[in-house]
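A.B. asks: fold the following and give me the result.
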Amino acid sequence: MKAIARIYAGDLRRIVTNPAAAVIIAGLAALPSLYAWFNIEASWDPYGQTGRLPVAVVNRDAGTTVRGTPVNVGKEVVAALRQNPKIGWEFKDEAEAMRGVKYGDDYAAIVIPPEFSARLATVLEETPQAAEIDYYVNEKINAIAPKITSSGATGIVEEVSSRFVETANGIIFNIFNQVGSELEANLPEIEKLESLIFELEDKFPEIRAAADTAQLDLEKLNGIVGTARRRLPEAAKLVTDGQALAGKAQTALQQVGAALSGLAPGIKQDLVLLRGLAGAAADASHLLANASADPQAARAALAGAADRAGAAADAIGRIADLLGQVDALASAHPLAGPIAKLKEAGDSFRNEATALKALETAVSQGQTPAKELADRASNAAEQARSRLDDWIGSYDTVVVPRVNQAVQQAGTVAGNAQKALAEAVQALPEVQDILNRASQGLAVGTKGLAAIRAELPAAEQKVRELADKIRAFRQEGNLRELIALLRHNAQRQSEFFAKPVVLKENQMFPVGGYGSAMSPFFSTLSLWVGALLLVSLLSVDVHEPGAAYRTHDVYFGRYLTFATLAAVQSLIVTLGDIWLLGTHVAAKGWFILFGVGLSLLFMLMVYTLVSVFGNVGKAMAIVLLVLQLGGAGGTFPIQLAPAFFRAIHPFLPFTYGIGLMREAVGGILWDAAFEDIVRLCAFAAGALVLGLALKRPMERLTAGMVAKARESRLIH
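C.D. replies: Down below sits the predicted model:
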């Protein structure tokens, strides 16, 4: 340890006491920071300066109309770009723009063709066509500029799409709004139509049955009409005969009326005579009351009285039948009351005849007739006489006028029938025409009904499909919800569909700019470059005359000198990043400490390579630097690198050094930081093992080669 300390102390003393060495050492300490600072400053905010990139814009859009509204999306794009500072937009004609791109005056050109708006407007047509924007770029001018200008062109496309979608949606949703209003106004009729469709669906079995019945009825009606047409001549003859018969009937009724008028006194006289017959029972009763009366004479008197009473009943019945026939000729039946009373008188005569016959039977058997039976005969005779008295009394005032009335009404009916039949005879030709037309109509109707019946299954299927669709629609949502949706605010709906998703950015570990984000990479890179500068200008061997040090003493003693200078380099770099450049660092103390640790590690690795392999080690350190530039993921994500760099990525110290510095810049996750520290310690252990194990053997192996190289006076 004393030898190591002596070597380290001697190096520090020589640096302090030798002004030339001090100046060189100071320069070596400061140079890495300049490398880091200039690169960080140059990359401070490149994407914030894209407004300086000249990009030509050519608008040739001729415009169009959408449902009567003039639309020129090209003009809207130009107006929007004039307010967009992200790119240096230059508005030119097409020839000037193409020349600018060709000769590098413009990095790119965007040309809006004449049919641009017209193609966008096809969104409302059955076959819409995508609109195109021509983009011209000169990629040989710069590697990054085409990517930036392409992003600008993509932004234009997105802006155009958003604006046109908003405009088109505004028109579409206005139409929807109008449709919603009309649907709402007609909602009762629509709901009624739905109900009718469902009802029609339910009624189709009845409709089919009705059609079948109608078909049968038409066939029957066709047969009836045919029969009527065939029987019409017979009917015409019957009507003609009926007319003649009605005339004869009227004449006959007139004659009947005259005959009845002549018979009226005779009928009355007959009834008066019949009234006299009612006294037969009384005469027979007197004979029975006389005890000396001859039984044979009484029996003969009773038999004669019974016969006369029966004959009177029959005569009254015939008169009643005659009056009944006259009454039947009149529609009001004016003789119904008198006929009923006359029949009652006839019934009384029959009762009288029955009682008298019963008395005769009793007498013929030698019995004494009961008084009750004689009283019944007398009462029946009295009723018959009384009823005939009433009827005869009203004969002239009631019966005869009503007979005349009945005959007169019958004559009137016969006259009307004759007149109606005469009119029917006149209408027969018209009836013939009606039947002919009915026959033709029935033929057409039968044919039409057959066609309807043939179409009924298809119609029923359509109605059922429509009903099923309505039911499915009701399951998914009702019509009122659809109307409410259609009647939403058209402007807000169009704005929503133009930008349905808004990106809400949440920065978990905000860095504060591109320069701050790049500081871990450039700071780590500068520390490796600083180590290379130190081993390039300072010797890794101890040159003290007369001093004999062991190999590991020289290795550790001289490393302490290099490590001290590397730490100074790191302090200058990290402190300058924070306070000179103003980079964003979340954990400033850890950023400085991590930087010092990385500098010591990189110095150990580079020092070990040069200490063990000499100038070859310097070349190895440079090669390792080159590999780490592409394989450490310092600029682009390692996933974007070729397969070779993705393969070596886990084995490079830059991978974990940059990761550790990023933790300090953005905010430390200690589990991730500890993993990086452990990996870096593994690299340190590997460097120590390499240095201690190979330094002495490699010195012996390369001593002759080094001497020969120095003899060339080109390599020290």
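
A.B. asks: all strands for this structure, in order.
C.D. replies: For the chain, the strands defined by DSSP state E cover 54-59, 64-66, 69-71, 88-91, 108-112, 134-137.

A.B. asks: out of these, which gets nearest to residue 638?
C.D. replies: Residue 638 lies closest to strand 134-137 among these, at 27.7 Å (CB to CB). Heads up, the C-betas are built off the backbone N, CA and C, glycines and all.

A.B. asks: can you give the strand pairings for the closest one, parallel or anti for each?
C.D. replies: Here strand 134-137 is paired, per DSSP bridges, with strand 108-112 (antiparallel).

A.B. asks: what angle do the partner strand and strand 54-59 make?
C.D. replies: 10 degrees (axes from the mean of the first three to the mean of the last three CA atoms, to 10 degrees).

A.B. asks: please identify which of the strands of the chain is closest to residue 128.
C.D. replies: Comparing the strands of the chain against residue 128 with CB to CB, the closest turns out to be strand 64-66 (12.3 Å).

A.B. asks: who does the closest one touch, helix- and strand-wise?
C.D. replies: strand 69-71, helix 116-121, helix 145-185 (3 or more CB pairs under 8 Å, 6 or more residues apart in numbering; DSSP states H and E).

A.B. asks: could you pull up the mean pLDDT of the second one?
C.D. replies: The pLDDT scores in helix 116-121 average 82.

A.B. asks: any residues touching that helix, and which ones?
C.D. replies: The list of residues contacting helix 116-121 from outside it, by CB atoms under 8 Å, 6 or more residues apart in numbering, reads 60-66, 71-74, 129-133, 160, 164, 168.

A.B. asks: and the gap between residue 580 and residue 89?
C.D. replies: From residue 580 across to residue 89, the span is 36 Å (CB to CB, to the nearest Å).

A.B. asks: got it, and residue 648?
C.D. replies: 43 Å.

A.B. asks: try residue 433
C.D. replies: Residue 433 is 91 Å from residue 89, by CB to CB.

A.B. asks: okay, those two: which has more neighbours?
C.D. replies: residue 89 (21 against 10; other CB atoms under 10 Å).

A.B. asks: list the contacts for the more buried one?
C.D. replies: 55, 57, 81-82.

A.B. asks: pLDDT of stretch 572-588, averaged?
C.D. replies: On average, stretch 572-588 scores 92.

A.B. asks: in it, what's buried?
C.D. replies: If you call a residue buried by 16 or more other CB atoms under 10 Å, then stretch 572-588 has these buried ones: 572-574, 576-578, 583-587.

A.B. asks: same check, this time on stretch 303-320
C.D. replies: 303, 305-306, 308-310, 312-313, 315-317, 319-320.

A.B. asks: for it, C-alpha coordinates in PDB please.
C.D. replies: The C-alpha trace of stretch 303-320 is given here as PDB (Å, rounded to 0.1, in the frame of the first residue of the first chain):
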ATOM      1  CA  ALA A 303    -182.500 -34.600 -29.200                       C
ATOM      2  CA  GLY A 304    -184.000 -32.000 -31.500                       C
ATOM      3  CA  ALA A 305    -182.800 -29.100 -29.400                       C
ATOM      4  CA  ALA A 306    -179.200 -30.600 -29.300                       C
ATOM      5  CA  ASP A 307    -179.300 -31.000 -33.100                       C
ATOM      6  CA  ARG A 308    -180.400 -27.400 -33.600                       C
ATOM      7  CA  ALA A 309    -177.800 -26.100 -31.200                       C
ATOM      8  CA  GLY A 310    -175.100 -28.100 -33.100                       C
ATOM      9  CA  ALA A 311    -176.300 -26.900 -36.500                       C
ATOM     10  CA  ALA A 312    -176.300 -23.300 -35.200                       C
ATOM     11  CA  ALA A 313    -172.700 -23.700 -34.000                       C
ATOM     12  CA  ASP A 314    -171.700 -25.000 -37.500                       C
ATOM     13  CA  ALA A 315    -173.500 -22.100 -39.200                       C
ATOM     14  CA  ILE A 316    -171.800 -19.600 -37.000                       C
ATOM     15  CA  GLY A 317    -168.400 -21.300 -37.800                       C
ATOM     16  CA  ARG A 318    -169.000 -21.000 -41.500                       C
ATOM     17  CA  ILE A 319    -169.900 -17.300 -41.100                       C
ATOM     18  CA  ALA A 320    -166.700 -16.800 -39.000                       C
END
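
A.B. asks: now do it, average pLDDT.
C.D. replies: Computed over stretch 303-320, the average pLDDT equals 77.

A.B. asks: also stretch 356-370?
C.D. replies: 70.

A.B. asks: so how many other residues sit close to residue 395?
C.D. replies: Residue 395, neighbours per other CB under 10 Å, totals 19.

A.B. asks: please look at it and residue 271 and confirm they touch.
C.D. replies: Yes: in this structure, residue 395 is within contact of residue 271 by CB atoms under 8 Å, at 7.3 Å.

A.B. asks: tally up the residues packed near residue 678, please.
C.D. replies: With other CB under 10 Å as criterion, residue 678 counts 10.

A.B. asks: can you tell me how far it is from residue 632?
C.D. replies: To residue 632, residue 678 is 17 Å away according to CB to CB.

A.B. asks: same question for residue 696.
C.D. replies: Distance from residue 696 to residue 632, by CB to CB: 33 Å.

A.B. asks: show the pLDDT at residue 564.
C.D. replies: pLDDT, residue 564: 92.

A.B. asks: okay but it is in contact with residue 12, surely?
C.D. replies: Yes: counting by CB under 8 Å, residue 564 does reach residue 12; the two are 7.5 Å apart.

A.B. asks: of residue 696 and residue 632, who's got more company?
C.D. replies: For residue 696 and residue 632, the more surrounded residue by other CB under 10 Å is residue 632, and the numbers stand at 24 against 15.

A.B. asks: what about residue 203, how many neighbours?
C.D. replies: Neighbour count of residue 203, defined by other CB under 10 Å: 13.

A.B. asks: right, I mislabeled it, should have said residue 226
C.D. replies: Count around residue 226 with other CB under 10 Å applied: 14.

A.B. asks: what's the answer for the one 5 residues further on, then?
C.D. replies: Neighbour count for residue 231, taken as other CB under 10 Å: 11.

A.B. asks: same question, residue 604
C.D. replies: For residue 604, the neighbour count with other CB under 10 Å is 23.

A.B. asks: for the residue nearest to residue 70 when sequence neighbours are not counted, what are its contacts?
C.D. replies: Spatial nearest neighbour of residue 70, chain neighbours left out: residue 63 (6.5 Å); criterion: CB to CB, 6 or more residues apart in numbering. Taking CB under 8 Å, 6+ apart, we find residue 63 in contact with 70-72, 74-75, 117.

A.B. asks: how about residue 63, phi and psi?
C.D. replies: phi 80, psi 170 (degrees, to the nearest 10).

A.B. asks: use 153 as the first number from now on
C.D. replies: Sounds good: first residue 153 from here, last item residue 215.

A.B. asks: got the confidence number for it?
C.D. replies: 85.

A.B. asks: thinking again about what came up before, residue 500: which of the buried residues of stretch 724-740 is nearest?
C.D. replies: In terms of CB to CB, no member of those lies closer to residue 500 than residue 738, at 141.7 Å.

A.B. asks: tell me the contacts of the closest residue in space to that closest one that isn't next to it in sequence?
C.D. replies: Excluding the flanking residues, the one nearest residue 738 by CB to CB, 6+ apart is residue 819, at 4.5 Å. By CB under 8 Å, 6+ apart, the contact set of residue 819 is 661, 738-739.

A.B. asks: cool, and residue 820?
C.D. replies: Residue 820 sits next to 738-739, 742 when contact means CB under 8 Å, 6+ apart.

A.B. asks: at 7 Å instead, please
C.D. replies: Going by CB atoms under 7 Å, 6 or more residues apart in numbering, residue 820 touches 739, 742.

A.B. asks: what's the burial count for residue 452?
C.D. replies: Residue 452, neighbours per other CB under 10 Å, totals 15.

A.B. asks: what's near enough to touch it?
C.D. replies: Contacts of residue 452 by CB under 7 Å, 6+ apart: none found.
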